[in-house]
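Provided below for reference: sequence and predicted model.
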Amino acid sequence: MSLSEELDLDTPMQDRMHEAVLSVVLTGTMLTQAGTAFFREYDLTEAQFNVLFALHFADHALTQTELGRRLVVTRASITSLIDKLEEKELVERRTVPGNRRSYHVIRTKKGKALFDEVEPLYRARIHHAMSGLTVAEQHQLIGLLDKVRAAVFTVEEAHPVVSRHG
């Protein structure tokens with residue numbers, strides 16, 4: 001189904017760049033909604049799962065600051081995420097040796113077990129969502145989205161917002 005049909009537009013979109021952006025946004029929204037529903041079944045949010053994911057694939061103990069950078073969240077957000085995961089006994093904080101103000105975030109046995117249960121099921125859903133694309137198309141999609149993200153980083157320089165409010 002075309003984007004125009006999905007959005008129930010009376011006339012097809014003429015601006016292909018705008019249509020492409022809307023398509024990416026709509027697809028991202030659909031993936032997010034599906035992920036939210038899936039993780040809810042395990043009493044997790046996508047952000048909480050992402051913390052467990054980052055800890056699983058780290059080759060060393062991560063501090064809250066390092067997790068925040070990897071997940072691109074604010075200091076307050078990572079603290080709140082870790083607090084909630086700690087309440088669920090999925091992670092624990094351990095003081096960094098020689099630095100009483102910094103903590104490593106470590107998965108508990110319960111956190112590892114939950115991740116080991118959820119991650120393959122989540123991965124299967126991702127594989128299903130991407131199954132309509134060949135491996136070559138998946139590589140092409142990754143490359144194309146990399147280009148779009150690179151351009152987004154420079155859009156403000158090329159087209160600064162002019163405030164209409166004094």
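Noted; the coordinates are in hand.

which strands and helices sit next to the host helix or strand of residue 125?
For residue 125, the host element (DSSP states H and E) is helix 109-130. If contacts are counted by 3 or more CB pairs under 8 Å, 6 or more residues apart in numbering; DSSP states H and E, helix 109-130 sits against helix 16-40, helix 46-56. From N, CA and C alone the C-beta is placed, and that goes for glycine too.

what packs against the last one?
Right, helix 46-56. Counting by 3+ CB pairs under 8 Å, 6+ apart, helix 46-56 packs on helix 16-40, helix 64-71, helix 75-87, strand 91-96, strand 99-107, helix 109-130.

which residues sit against the lowest-mean-pLDDT helix or strand in the chain?
Here the helix or strand of the chain ranked lowest by mean pLDDT, DSSP states H and E is helix 3-6, holding a mean of 81. If you take CB atoms under 8 Å, 6 or more residues apart in numbering as the criterion, helix 3-6 is touched by 11, 12, 13, 19, 22, 23, 26.

Just the buried ones among those, please.
Buried by 16 or more other CB atoms under 10 Å: 13, 19, 22, out of these.

Domains in this protein, by residue range?
Listed domain ranges for the chain are 1-41, 45-152 (source: automatic domain parsing).

Just list the residues touching residue 138, thanks.
Contacts of residue 138 by CB under 8 Å, 6+ apart are residue 130.

what's around residue 124, how many residues?
Residue 124 has 10 neighbours, counted by other CB atoms under 10 Å.

per-residue confidence at it?
Residue 124 carries a pLDDT value of 97.

roughly how far apart are it and residue 148?
27 Å (CB to CB, to the nearest Å).

Send me stretch 139-155 as CSV with only the CA atoms.
The C-alpha trace of stretch 139-155 is given here as CSV (Å, rounded to 0.1, in the frame of the first residue of the first chain):
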residue,chain,number,x,y,z
HIS,A,139,22.4,-3.1,3.2
GLN,A,140,21.1,-0.4,0.8
LEU,A,141,18.5,0.8,3.3
ILE,A,142,21.1,1.0,6.0
GLY,A,143,23.4,3.1,3.7
LEU,A,144,20.5,5.3,2.6
LEU,A,145,19.4,6.0,6.2
ASP,A,146,23.1,6.7,7.1
LYS,A,147,23.1,9.4,4.4
VAL,A,148,19.9,10.9,5.6
ARG,A,149,21.1,11.1,9.3
ALA,A,150,24.4,12.7,8.1
ALA,A,151,22.4,15.4,6.2
VAL,A,152,20.1,15.9,9.3
PHE,A,153,23.2,16.8,11.3
THR,A,154,24.0,19.7,8.9
VAL,A,155,20.4,20.9,8.1
